[in-house]
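Student: Provided below for reference: sequence and predicted model.
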Amino acid sequence: MPNRKTIKFRDYLVPLVLSGEKNSTWRLFDDKDFKEGDKVDFINKDTLKKFGEAVIISIQEKKLKDLIDSDFDGHEKYESEEKMYEDFRRYYGDRVTPEVIVKIIKFKLIS
């Protein structure tokens, strides 16, 4: 059986995912080639322990600069665009620009 794809979340996001409040995640430079219908394991990035499984129900791609309010549904909000870029640069480095494609991944927990 092939290795299942994983998505890691910071510790503080785990309860939001488990409660259903967070049902969307954004990924830049998607090296895992996420697709609709993929079953994925959710991993706590801080403990490296699995905390759930989900199925990807939709994927949308757009440039960071083209995000609109509804793209934030089910995703944590940022206090400003500047803070959002700061946050992404912490994960992905200086290659984050307004032109970068963000993959908006909507998911449904299955366990």
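Tutor: Noted; the coordinates are in hand.

Student: tell me the contacts of the residue nearest the centre of the chain?
Tutor: Nearest to the mean C-alpha position of the chain, by C-alpha atoms, centre = their mean, lies residue 25 at 2.3 Å. Each residue near residue 25 by C-beta atoms under 8 Å, 6 or more residues apart in numbering is listed here: 7, 9, 75, 105, 107. C-betas here are computed from N, CA, C, even on glycine.

Student: List the strands paired with the helix or strand harbouring it, with their directions.
Tutor: Secondary structure here is read from DSSP states H and E; on that basis residue 25 sits in strand 24-28. Next to strand 24-28 in the sheet, as set by DSSP bridges, lie strand 101-109 (antiparallel).

Student: Now tell me what touches the partner strand from outside.
Tutor: Contacts for strand 101-109 (C-beta under 8 Å, 6+ apart): 7, 17-18, 20, 23-28, 30, 34, 40, 52-64, 67, 71, 74-75.
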